[in-house]
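Undergrad: what's the 3D shape of this:
(chains A and B)
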Amino acid sequence: MNPTAKHTAPTPRSIALCLLLLAIGVTYLLAFGYFLRHSVNFVQKDGIDAASKAVAGEQSELPVHYTFDATSPWIKSLAYGWNRSESWGVWAESSSAAVVLPPVPGDATQPVCFDIRIGSGFKRHHWPMQITIAGQSFGSLQRYAGEGPFELRGTLQVPNGQPILIRFNGPFPVIPRAITRRSMDGRLLSFSLFGIAITRHC
Amino acid sequence: MATMVMAKPRWLSDNGVRSAWTTALVAFLASRLALLLVGWVSLTFIATRDKAVHGAVPTLQQLKDLAFRWDTTWYMSIARHGYSVASPAVQPHAVNLSFWPAFPYLARYLGEASGMSILTSGVMLANLAFVFSLYLLHRYCTRLEFPPTAAALSVLLLAFVPESFLFSVFYGDAFGLLGMLGAMYCARQQRWWIAGLFAAFASSSRPMGVMVLVFLLIHAWQQLGWRNFMRPWVDPHPFIPVVLAPAGYFLMLWVTYRVSGDAFAQAHTRMAGWHVYFAPAWEALRTDFRLGPDLKFWMLSALALAASLIPLFRKKLYPDAVFGLCYFVLIFSQINSAGLLHYAAALPVVYVGFAWWLRDRELARFAVLGVFASLGAVLFCAWSLYVYIAV
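TA: The predicted structure follows:
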């Protein structure tokens, strides 16, 4: 430690410089706050826009069952956060992922029943999952143990005539090759989605 | 009889300055010629086995193209077309917002002003920045009262470190290095405004450039002592570079916000386009270690460079040591990143630490330089042949 400050009392010049530096620092903070508030993740936004466009002209009659395997026409609904579809469904590649489904036909004042089938694929303990449908929370934060698949069922009122955005917030992704010698899979995997069914009543 | 004495410029009259320039230029020329030779040999003799690469004696243009591989296309897209959210079909969500603006824009402006191609002007700028970095490293070590051999060794280590070729190609790494070294050297000289400008330059050149803030903050604390550190209005000068250091980072946030509506697009494209994730350092290290031999190699190489922090702590060079520690913790927090050695090699304090440790160990000095040069040659051979490991 070699303190070299010569002045023990502030001079007008040092106070002015200090205020200038403080103003720059405050500008950083304000700018950061503004960016935090107004920034929209461009990867998610682009994915949602593309998926919304893809399903915009689709019509469906209830009950309807959406699958996301490699042969399904609903791959176009996968907005962001997914790996390539497989024969059984699709893996999320990050903890955040979303799908956009076609509008629900009929009366908007009537709630409909969602049945979402998810899984983990690994023997994890207490992995979290939170789902929001059209901006509304689909149940509270749930924690699961084991591989699944698990069924999440509930009724929700969704806006009529608009694509339905379903967001998933799952566990932190892992790379199977890094956690077990039995797998050579080098992808990042968070949780799996098997399908989503929408019916009039649960 | 009166004699006229003409004042010599400082770089000629000051022995320390002259010696630093001489060492920097010799190290630069020797290491770049060696790399050029490796590139020529690779293209002439090794590439013949793979006809897809070249398969004949390389032309001058092919040698010039050695400066144009891998991420250079990203920098070039910024220099030519500016920032955008367009991503290639083979790499969805990967966009050029992942790369910082100072280098590509200066390359473009120099190209426009001089009539040179962007590639030529960029490579020229990168090499100028690298020579100046070598000079500043020598001066920095001299300032820390290292013996002359240790100062010269630090320059040689930087010139021959594996992946040092990235300081001479169309990458922004040389700019980041220059910014960090300039900020550190000028802060030690108490030239606060210039230190601040260098720090802002570092943070506008590389994502990790803003980390020099750690050095500047601890240095300010050492300069002022606790009492005046907590009362910055008494002597605010050491805080000038601290406050200016994040300027480049915020400039980049603003640019990405204007282009994509997402100020944090750099982090998002790294995750979605490059599949690089952040986790606590120990977890990321454990994951990378198990992901395969390539990531294991990068991780161990970077860890070997991180060993240079031990002598810095022992010599009580706390600004350098803590700066290095924070920098390494941050780069080791990335899962699935092939750039670990690349990032570690761009950290100036690595060479300060190694030079101090090796100052009296002649055999070890040659061994380390030999390992650096050999590994650097192998990696540049891979780079020349477009082999994936040299990213």
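Undergrad: pull the helix or strand with minimum mean pLDDT from chain A.
TA: Taking mean pLDDT, DSSP states H and E as the measure, chain A has strand A:142-144 as its least confident helix or strand, at a mean of 74.
Undergrad: ok, it: who's next to it in the sheet?
TA: If you go by DSSP bridges, strand A:142-144 pairs up with strand A:127-133 (antiparallel).
Undergrad: so how far is the following helix or strand past the strand it pairs with from its chain's centroid?
TA: Next helix or strand after strand A:127-133 toward the C-terminus (DSSP states H and E): strand A:136-137. Computed by C-alpha atoms, centre = their mean, to the nearest Å, the chain-centroid distance of strand A:136-137 equals 13 Å.
Undergrad: Stretch A:146-154 now?
TA: Its chain's C-alpha centre lies 18 Å from the corresponding centre of stretch A:146-154 when counted by C-alpha atoms, centre = their mean.
Undergrad: cool, stretch B:75-83 as well?
TA: Distance, centroid of stretch B:75-83 to centroid of chain: 20 Å (C-alpha atoms, centre = their mean).
Undergrad: Pull out the buried residues from that stretch.
TA: For stretch B:75-83, burial by neighbour count (16 or more other C-beta atoms under 10 Å in any protein chain shown) applies to B:75, B:76, B:77, B:78, B:79, B:83. The way it works is simple: take the backbone N, C-alpha and C, and place the C-beta from them, glycine included.
Undergrad: same check, this time on stretch A:9-24
TA: A:10, A:14, A:17, A:18, A:21, A:24.
Undergrad: about what we covered before: the helix or strand following the least confident helix or strand of chain A to strand A:127-133, inter-axis angle?
TA: Where DSSP H and E defines the elements, the next helix or strand beyond strand A:142-144 is strand A:150-156. Taking axes from the mean of the first three to the mean of the last three C-alpha atoms, to 10 degrees, one finds strand A:150-156 and strand A:127-133 inclined to each other by 30 degrees.
Undergrad: tell me the angle the next helix or strand after strand A:150-156 makes with strand A:127-133.
TA: Scanning forward in sequence from strand A:150-156 by DSSP H and E, the next helix or strand is strand A:164-169. Angle of strand A:164-169 versus strand A:127-133, following the same axes, to 10 degrees, is 160 degrees.
Undergrad: Can you show me the helices along chain A?
TA: Assigned by DSSP state H, the helices in chain A fall at A:12-38, A:42-55, A:176-179.
Undergrad: want to try CSV for the ones you listed, with distance to residue B:154 and mean pLDDT as columns?
TA: Output for the helices of chain A, formatted as CSV (distance: least, C-beta to C-beta, whole Å; pLDDT from 0 to 100):
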stretch, distance to residue B:154, mean pLDDT
helix A:12-38, 32, 96
helix A:42-55, 41, 92
helix A:176-179, 36, 78
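Undergrad: Looking at the ones you listed, which one is packed in the most?
TA: helix A:42-55 (a mean of 19; mean count of other C-beta atoms under 10 Å in any protein chain shown).
Undergrad: can you tell me if that one touches chain B.
TA: Yes. Helix A:42-55 comes into contact with chain B (C-beta under 8 Å from any C-beta of the partner chain), by way of A:42, A:43, A:45, A:46.
Undergrad: For that helix, what is the distance to the chain centroid?
TA: 13 Å.
Undergrad: now for it, which elements pack on it?
TA: If contacts are counted by 3 or more C-beta pairs under 8 Å, 6 or more residues apart in numbering or on different chains; DSSP states H and E, helix A:42-55 sits against strand A:78-80, strand A:96-101, helix B:265-274.
Undergrad: residue contacts, the residue most central in space within chain B?
TA: In chain B, the residue lying closest to the centroid (C-alpha atoms, centre = their mean) is residue B:346, at 3.1 Å. Contacts for residue B:346 (C-beta atoms under 8 Å, 6 or more residues apart in numbering or on different chains) come out as B:166, B:173, B:176, B:177, B:206, B:208.
Undergrad: For residue B:284, see how far away it is.
TA: Residue B:346 sits 19 Å away from residue B:284, taking C-beta to C-beta, to the nearest Å as the criterion.
Undergrad: Against residue B:272, how distant is residue B:33?
TA: In this view, residue B:33 and residue B:272 are 41 Å apart by C-beta to C-beta.
Undergrad: same thing with residue A:138?
TA: When C-beta to C-beta is the yardstick, residue A:138 and residue B:272 sit 24 Å from each other.
Undergrad: So for these two, which sits in the more crowded spot?
TA: Per other C-beta atoms under 10 Å in any protein chain shown, whichever of residue A:138 and residue B:272 has more neighbours is residue B:272, with 26 against 21.
Undergrad: what sits against residue A:83?
TA: Contacts of residue A:83 (C-beta under 8 Å, 6+ apart): A:90, A:91, A:92, A:93, A:187, A:188, A:189.
Undergrad: where in the chain is pLDDT low?
TA: Using chain A here. Chain A contains residues with pLDDT under 70 at A:1-7, A:106-109, A:121, A:141.
Undergrad: that's the other chain; I wanted chain B
TA: Short version for chain B, where the test is pLDDT under 70: B:1-13, B:48-56, B:389-391.
Undergrad: and chain B, which of the contacts of residue A:83 contact it?
TA: Contacts with chain B within the contacts of residue A:83, counted by C-beta under 8 Å from any C-beta: A:93, A:188.
Undergrad: Neighbour count and distance to residue B:150 added to the contacts of residue A:83, as TSV?
TA: Formatted as TSV, the contacts of residue A:83 follow (neighbours: other C-beta atoms under 10 Å in any protein chain shown; distance: C-beta to C-beta, whole Å):
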residue	neighbour count	distance to residue B:150
A:90	25	57
A:91	23	53
A:92	25	52
A:93	21	48
A:187	14	47
A:188	23	44
A:189	20	49
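Undergrad: and the contacts of residue A:83, which two are the farthest apart?
TA: Taking C-beta to C-beta as the measure, these reach their widest spread between A:90 and A:188, a distance of 13.3 Å.
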